[in-house]
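J.: fold the stuff below for me.
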Amino acid sequence: MSEPILVATDLIKKYRLPNKTVEVLNGASLTITPGERVAIVGRSGIGKSTLLHVLGALDRPESGEVIINGRSIYKLSERARSNLRAREIGFIFQSYHLFPEMDISENVMLPAWAAGAGQNRTHIKTRAAELLELVGLTDRATHTPLELSGGEQQRAAIARALMNQPQLLLADEPTGNLDTETGAQVLELLFSISSQSGRALVIVTHSPTVAARCDRTLTLNNGTLHLTPAASSATTTTNT
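T.: The predicted structure follows:
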C-alpha cells in the first residue's frame, strides 16, 4: 500500500469571539493516500473550509498534527511552510482568488514565482502555456480575470493549482459560484485531471453527485470526521 500523502491527527481549532469561543474542529483526523479522491460534506458553517485551510497550511490549529509527505507542517518555520504550500499543495477556491491586476497567464504562473529557487523563467512560461491549453484557455492568456466568465476563471484557478505539479489538490466548493452546466464542466475537468495524473483530491462539497464520484465521503459533524454510511466499503478509516 502507498505511503499516505497526508495524515492529520486530532485537530483542534477554535475561534474566539467577543462573548464566546467556538470550537470548530474537535479531534478531526484523516489519512489521504496518493491518487485518492475524498469528499468532505456537512451542513453550512460547520467548519469544512476551516478544515481544508488547516490541512493546507493556511490556518494553524490549536493542537493536533498535519503531516504532508512525511513532514509535520506546523513544526516547520513559516518560510519552510510557505515553500511547502507553494510546491506541494494546489488550492482551488469557490471564489477563484485570481489577481484582477494580472492577466490569466500571470495568475497561473504565480505559484512558480512563489516557489522561487530553481524555477527557470522560460520553463515557467512554457508550463503556464501548457496548462492553459489543458484547461481550454489558450486564447484567454492575456485577458484579465474580469474579462472572463465564472467558469473560465475557475478553469484558470485549476491551471494555477497545477503549476508546480503538486500531488495534493484541495478544492473548496469549486462550483459554488457557477451555474449547473458550467459547474458540471469544471468538475469533469477536475476529476479527469486527478484521475489521469494520480493526484490526490480533497473536495469540500454540498453535492451528493460530486461526493458519489469520490472514493470516500467524510461528514464533518461536531468537529470530527465520520465515514458516510454510503461509502462504508472504503478501506481507509477516518481516524488513524
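
J.: which SS class is the closest residue to residue 207 other than its chain neighbours?
T.: Counting by Cβ to Cβ, 6 or more residues apart in numbering, residue 207 lies nearest to residue 175, which is 7.7 Å off, once chain neighbours are set aside. (Glycine included, C-beta is placed from N, CA and C.) With DSSP: H, G, I helix; E, B strand; the rest coil as the basis, residue 175 sits in coil.

J.: and what of the one 3 residues further on?
T.: Using three-state DSSP, the structure places residue 178 in coil.

J.: can you tell me how far the closest residue to it other than its chain neighbours sits from residue 83?
T.: Taking Cβ to Cβ, 6+ apart, and ignoring the residues beside it in sequence, residue 178 has residue 150 as its nearest neighbour in space, at 5.3 Å. Residue 150 is 31 Å from residue 83, where distance means Cβ to Cβ, to the nearest Å.

J.: and for residue 215?
T.: Relative to residue 83, and taking Cβ to Cβ, residue 215 is found at 29 Å.

J.: next: residue 217.
T.: Plainly put, residue 217 is 32 Å away from residue 83 if you go by Cβ to Cβ.

J.: who has more neighbours, these two?
T.: Neighbours were tallied for residue 217 and for residue 83 using other Cβ atoms under 10 Å; the higher tally belongs to residue 217 (25 against 16).

J.: tell me the secondary structure at the more buried one.
T.: When classified by three-state DSSP, residue 217 comes out as strand.

J.: relative to residue 191, how far out is it?
T.: For residue 217 relative to residue 191 (Cβ to Cβ), the value is 14 Å.

J.: residue ranges with poor pLDDT in the protein?
T.: For the chain, applying pLDDT under 70 flags the ranges 1, 117-119, 230-240.

J.: middle-most residue in it, spatially?
T.: residue 170 (1.2 Å; Cα atoms, centre = their mean).

J.: then the helix or strand harbouring it to CSV, C-alphas only?
T.: With elements taken from DSSP states H and E, the one containing residue 170 is strand 168-172. Only the C-alpha atoms of strand 168-172 are listed here, as CSV (Å, rounded to 0.1, in the frame of the first residue of the first chain):
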residue,chain,number,x,y,z
LEU,A,168,-2.3,17.1,-3.4
LEU,A,169,-5.3,19.2,-4.6
LEU,A,170,-7.6,20.9,-2.1
ALA,A,171,-10.9,22.2,-3.6
ASP,A,172,-13.3,24.2,-1.6
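
J.: run through who's touching that strand.
T.: When contacts are taken as Cβ atoms under 8 Å, 6 or more residues apart in numbering, the neighbours of strand 168-172 outside the stretch itself are 5-6, 32, 48-49, 52, 55-56, 68, 88-94, 161-162, 190, 194, 199-204.

J.: fine by me, thanks again.
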